[in-house]
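**Student:** Curious how this folds, go ahead:
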Amino acid sequence: MALVGAKRWSSSDRSFWSCQNVRNLNIAVGNASKATHPHHPHPVDASGRKRQHEGTNLFLPGATVATLFMLGALHIRRMYEEKQIEEARRQGIEPSFVPDWKASFLQVLPLRFISRTWGTLTSMELPLWLRPHVYNSWARAFKANLDEASRPIEEYVSLRDFFTRSLKDGARPLDSSTSCLLSPTDGIVLQCGQVEGTGTMIEQVKGFSYSVSALLGTNPHVSPASVLEDEKTSHALVRSEAPAANSRETSASHLQVPRSPSELATKGFFYCVLYLGPGDYHRIHSPTDWDIFYRRHFYGRLFPVNERAVRTIRNLYVVNERVVLEGRWAQGFMAMAAVGATNVGSIELKFEPELKTNLPKLGLSLATMNSRTYVGNGHVVKAGEEVALFNLGSTVVLVFEAPSAHSEGESVHEISRPTAKNFRFTVENGQRIKMGQALGKW
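**Tutor:** So this is what the prediction gives:
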């Protein structure tokens, strides 16, 4: 019996020590795992109980999922819209203005708040391991060339940092011609032509035009209440905030200098509208050497500015928030308007970093404008110099004076060759262009 008991004890003892060995092995593996993959322990409250993670630890996965979902949805919508537009162009159909009930719905949405929220989300730091996946997905969806980025993509800590990335030196060579106007951005040429007629109108799309003076803010301004009216257009005077000590309200007339009738007869006003997509380079450069005398910031809506919105929303560029720069170049008047859009309310000026856009309205009317005068000789910029940036993509409108000697009714695209007396566009509506390429020559 003693022998049997001894055998039984030995068996139990072996079983006990086997369990202990397994337990010790598990502890060792666990410790090794913790050393290899360190993590922060759960915080402990006063009672000694573990608390759940709070704040960004729970929010980050949700933001990541939302970002990936948004990329997929935008890609699908973009593919569908591009297919529709390409099909229409193959059939020789020009885009025309067609009011849409969806555009009416946009008026009731808090687009400025949505855009500020989007700005907050895109400013969140992404985990290092996630950055290549998000940025490469974005590049595939919107055909962005990441090889041109000045830094490895892992170094862009947030989506906003990635959107506003700079390019490698030499990625955008400037046209070498001395008699040309450069494209200030990457993008698509939506409209270009000459401003003609007593109304000084720019064609937004076939069937609807908007006022140059309303866009630049030199005259009474189109009210946001008239965005979707079919028959009537109401007007509201542009009101100015209390200007800073070195600021005052201005108009194009301040830029005019005495010129002979013969000189005036050889000049005309031209315009070019460039759309920057989500995958484009988002920085804005100077189209020529010029002196910037005035800056105007118009509070306004933040409607989308894609091609569908251009076809369905009246006075789109006039009612959206925008920053207008105005000055003179070698050929006369020059103005450049950076127009904000949904999720792109933030417009930053390189030489005026204190300017803030897409701020809460704080009771201000959407027709409110503040302005600034750059004293002395103005702010001098050279061709190709960086001027501003968008946080995602939007629209730039150029309005400028240039040599013009073509007869009435003759298209600026139909002139056989540029001369000292005329300007012609070297691009067509719908054409994709890169910053630094020539928009037109004379």
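**Student:** can we go C-alpha only for contacts and neighbour counts from here?
**Tutor:** Noted.
**Student:** Could you chop the chain up by domain?
**Tutor:** The domain map for the chain lists 60-163, 180-441, with the assignment taken from automatic domain parsing.
**Student:** For the first one, give the mean pLDDT please.
**Tutor:** Read it as domain 60-163. Domain 60-163 carries an average pLDDT of 74.
**Student:** Look up how far His282 lies from Arg112.
**Tutor:** Arg112 sits 20 Å away from His282, taking CA to CA, to the nearest Å as the criterion.
**Student:** no, scratch that, I was asking about Thr266
**Tutor:** Shown here: Thr266 relative to His282, a distance of 35 Å by CA to CA.
**Student:** Please report how far Lys434 lies from Leu276.
**Tutor:** Here the criterion is CA to CA. By it, Lys434 lies 10 Å from Leu276.
**Student:** counting contacts, what elements does the helix or strand containing Gly268 pack onto?
**Tutor:** Using DSSP states H and E, Gly268 sits within strand 267-275. Counting contacts by 3 or more CA pairs under 8 Å, 6 or more residues apart in numbering; DSSP states H and E, the secondary-structure elements packed against strand 267-275 are strand 187-195, strand 395-403.
**Student:** Is it possible to get JSON lines of those strands that adds mean pLDDT?
**Tutor:** As requested, those are exported to JSON lines (pLDDT from 0 to 100):
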{"stretch": "strand 187-195", "mean pLDDT": "91"}
{"stretch": "strand 395-403", "mean pLDDT": "93"}
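**Student:** Could you dump the ones you listed into CSV with distance to Leu216 added?
**Tutor:** Listed next are the helices and strands packed on strand 267-275 as CSV, based on distance: least, CA to CA, whole Å:
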stretch, distance to Leu216
strand 187-195, 14
strand 395-403, 9
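**Student:** got those as CSV, with distance to Phe351 and mean neighbour count columns?
**Tutor:** As requested, the helices and strands packed on strand 267-275 are arranged in CSV below (distance: least, CA to CA, whole Å; neighbours: other CA atoms under 10 Å):
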stretch, distance to Phe351, mean neighbour count
strand 187-195, 23, 22
strand 395-403, 18, 23
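**Student:** With Ala388 as the reference, name the closest of those.
**Tutor:** strand 395-403 (10.7 Å; CA to CA).
**Student:** Would you mind identifying the next helix or strand past that closest one?
**Tutor:** Beyond strand 395-403 on the C-terminal side, the first helix or strand identified by DSSP H and E is strand 424-425.
**Student:** still on that earlier bit, Thr266 and His282: which has the busier surroundings?
**Tutor:** Summary of the neighbour comparison: Thr266 and His282, criterion other CA atoms under 10 Å, with His282 having more neighbours (23 against 15).
**Student:** Please give me every residue in contact with the more buried one.
**Tutor:** Phe163, Thr164, Arg165, Thr185, Asp186, Leu276, Leu389, Phe390, Asn391, Leu392, Gly393 (CA atoms under 8 Å, 6 or more residues apart in numbering).
**Student:** Give me the distance between Ile347 and Ala438.
**Tutor:** In this structure, Ile347 and Ala438 are 24 Å apart, going by CA to CA.
**Student:** quick one, which of the two is more surrounded?
**Tutor:** For Ile347 versus Ala438, the count of surrounding residues by other CA under 10 Å is larger for Ile347: 26 against 22.
**Student:** contacting residues for the closest residue to that one other than its chain neighbours?
**Tutor:** Distances taken as CA to CA, 6 or more residues apart in numbering place Phe390 nearest to Ile347, at 5.1 Å, with adjacent residues excluded. When contacts are counted by CA under 8 Å, 6+ apart, Phe390 is found next to Thr164, His282, Arg283, Ile284, Gly340, Val344, Ser346, Ile347, Glu348.
**Student:** Show the model's pLDDT score for the closest residue to the third one other than its chain neighbours.
**Tutor:** When the adjacent residues along the chain are set aside, Arg283 lies closest to Leu389, with 4.2 Å between them (CA to CA, 6+ apart). With respect to pLDDT, Leu389 scores 91.
**Student:** give the contact list for Leu389.
**Tutor:** Taking CA under 8 Å, 6+ apart as the definition, contacts of Leu389 comprise Thr164, His282, Arg283, Ile284, Ile347, Glu348, Leu349, Lys350.
**Student:** helix or strand for it, which one?
**Tutor:** strand 386-390.
**Student:** Quick one: classify the nearest residue to Gly378 once chain neighbours are set aside as helix, strand or coil.
**Tutor:** The shortest distance from Gly378 to any residue other than its chain neighbours is 4.5 Å, reached at Phe293 (CA to CA, 6+ apart). Look at Phe293: counting by DSSP: H, G, I helix; E, B strand; the rest coil, its state is strand.
**Student:** Go ahead and confirm Phe269 touches Val195.
**Tutor:** Yes. With contact taken as CA atoms under 8 Å, Phe269 and Val195 are classed as touching, separated by 5.4 Å.
**Student:** ok, back up a step: quick one, which of the contacts of Phe390 has the minimum pLDDT?
**Tutor:** In terms of pLDDT, the lowest of those is Val344, showing 56.
**Student:** Quick check: Ile114 is in a strand.
**Tutor:** No. Counting by three-state DSSP, one finds Ile114 to be helix, located in no strand.
**Student:** Tell me the spacing between it and Pro360.
**Tutor:** Using CA to CA, one obtains 11 Å as the distance from Ile114 to Pro360.
**Student:** which of those two has more neighbours?
**Tutor:** More neighbours sit around Ile114 than around the other of Ile114 and Pro360, counting by other CA under 10 Å; the figures are 15 against 11.
**Student:** Just give the number of residues close to the residue nearest to Gly378.
**Tutor:** Phe293 has 21 neighbouring residues, counting by other CA under 10 Å.
**Student:** Thanks a lot, see you next time.
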